[in-house]
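> I would like the atomic coordinates for the input below:
(chains A and B)
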Amino acid sequence: DTAVSQTPKYLVTQMGNDKSIKCEQNLGHDTMYWYKQDSKKFLKIMFSYNNKELIINETVPNRFSPKSPDKAHLNLHINSLELGDSAVYFCASSQDLRGVQPQHFGDGTRLSIL
Amino acid sequence: AQSVTQPDIHITVSEGASLELRCNYSYGATPYLFWYVQSPGQGLQLLLKYFSGDTLVQGIKGFEAEFKRSQSSFNLRKPSVHWSDAAEYFCAVGGSNDYKLSFGAGTTVTVRA
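Take a look at the predicted model:
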């Protein structure tokens, strides 16, 4: 049973398109996250939600909009995709807000903008 | 603000040799420290964590890490490396009031036969 699952695994699309990435966790965790990993493997937090409430909203273009329909799901919608959005996007979940407990990661969504 | 430094960008080690990956952190209180491994094309997997207590922590896959408060370090070690240990390794510190887990830039480990 996959703990944190993301779909799709690969996403290849044209500049200017709108796309969504879905994330679901079956761990019963209250907190979920989106990270962006660039080509140098650096991990940058984008958003976190706790029980459907937005907690962290980093300096991310407002073309990125997270949505949490319930505490087991956190989706990421991206409008007007740009070349610089090409990266691997990871969803993660945790039992706690403050980073005291480990985070569990999905396998990532590899987004390529043509 | 908390931060993590992994001084080694890339380490190459022979199969069967020992491995040590360095991690230095900056944090005002007692840190919550983690090591994660990322195999090619995969997400991050937790290797081990330190919250309190014994400063030598055992993890999965034969890894261990030692917390040294005086040196602000949390180095990861493995006595004998296997080819499957080739991966990216991330040190992270959490527990701050900004709710973020701060990651180091990662160390790439290459294992040669």
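> I'd like the distance between the closest residue to chain B within chain A and residue A:105.
Scanning chain A for the residue nearest chain B gives residue A:99, at 2.4 Å (criterion: CB to the nearest CB). Every residue, glycine included, has its C-beta placed from N, CA and C. According to CB to CB, to the nearest Å, residue A:99 and residue A:105 sit 14 Å apart.
> you'd agree residue A:22 is up against residue A:6?
Yes. Applying CB atoms under 8 Å as the test, residue A:22 and residue A:6 come out as touching, 6.8 Å apart.
> of those two, who's got more company?
residue A:6 (25 against 16; other CB atoms under 10 Å in any protein chain shown).
> read off the pLDDT value for the more buried one.
Looking at residue A:6, its pLDDT stands at 96.
> who touches it in this structure?
A:21-23, A:89-91, A:106-109 (CB atoms under 8 Å, 6 or more residues apart in numbering or on different chains).
> check contacts around the residue lying closest to it once chain neighbours are set aside.
Spatial nearest neighbour of residue A:6, chain neighbours left out: residue A:106 (4.0 Å); criterion: CB to CB, 6 or more residues apart in numbering or on different chains. Residue A:106 sits next to A:4-6, A:23, A:90-92, B:43 when contact means CB under 8 Å, 6+ apart.
> what residues does chain A have near chain B?
Within chain A, the positions adjacent to chain B are A:4, A:40-43, A:45, A:48, A:55-56, A:90, A:92, A:97-100, A:102-108 by CB under 8 Å from any CB of the partner chain.
> before we move on, back to that, tell me the spacing between the residue nearest to residue A:6 and residue A:92.
7 Å.
> then residue B:74?
Taking CB to CB, one finds residue B:74 at 20 Å from residue A:92.
> next one: residue A:107
With CB to CB as the criterion, residue A:107 and residue A:92 are 11 Å apart.
> now do residue A:41
16 Å.
> quick check: residues of chain B near chain A?
Near chain A, when you scan chain B using CB under 8 Å from any CB, you find B:32, B:34, B:36, B:38, B:41-46, B:49, B:51, B:88, B:90, B:92-101, B:103, B:105-106, B:108.
> ChimeraX command for the buried members of those residues?
Listed next is the ChimeraX selection for buried residues among the residues of chain B next to chain A, using 16 or more other CB atoms under 10 Å in any protein chain shown:
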select /B:32,34,36,38,43,44,45,46,49,88,90,92,93,94,95,96,99,100,101,103,105,106
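> beyond the least confident helix or strand in chain A by mean pLDDT, next helix or strand please.
In chain A, no helix or strand scores lower on mean pLDDT, DSSP states H and E than strand A:53-57, which sits at a mean of 90. Downstream of strand A:53-57, the first helix or strand assigned by DSSP states H and E is strand A:64-70.
> which strands and helices sit next to the helix or strand that that next one is followed by?
Downstream of strand A:64-70, the next assigned helix or strand under DSSP H and E is strand A:73-78. If you count contacts as 3 or more CB pairs under 8 Å, 6 or more residues apart in numbering or on different chains; DSSP states H and E, strand A:73-78 packs onto strand A:19-25, strand A:31-37, strand A:43-50, strand A:64-70, strand A:87-94.
> 10 Å instead?
strand A:4-7, strand A:19-25, strand A:31-37, strand A:43-50, strand A:64-70, strand A:87-94, strand A:109-113 (3 or more CB pairs under 10 Å, 6 or more residues apart in numbering or on different chains; DSSP states H and E).
> strand partners (parallel or antiparallel) of it?
Strand A:73-78 has its sheet partners listed here by DSSP bridges as strand A:19-25 (antiparallel), strand A:64-70 (antiparallel).
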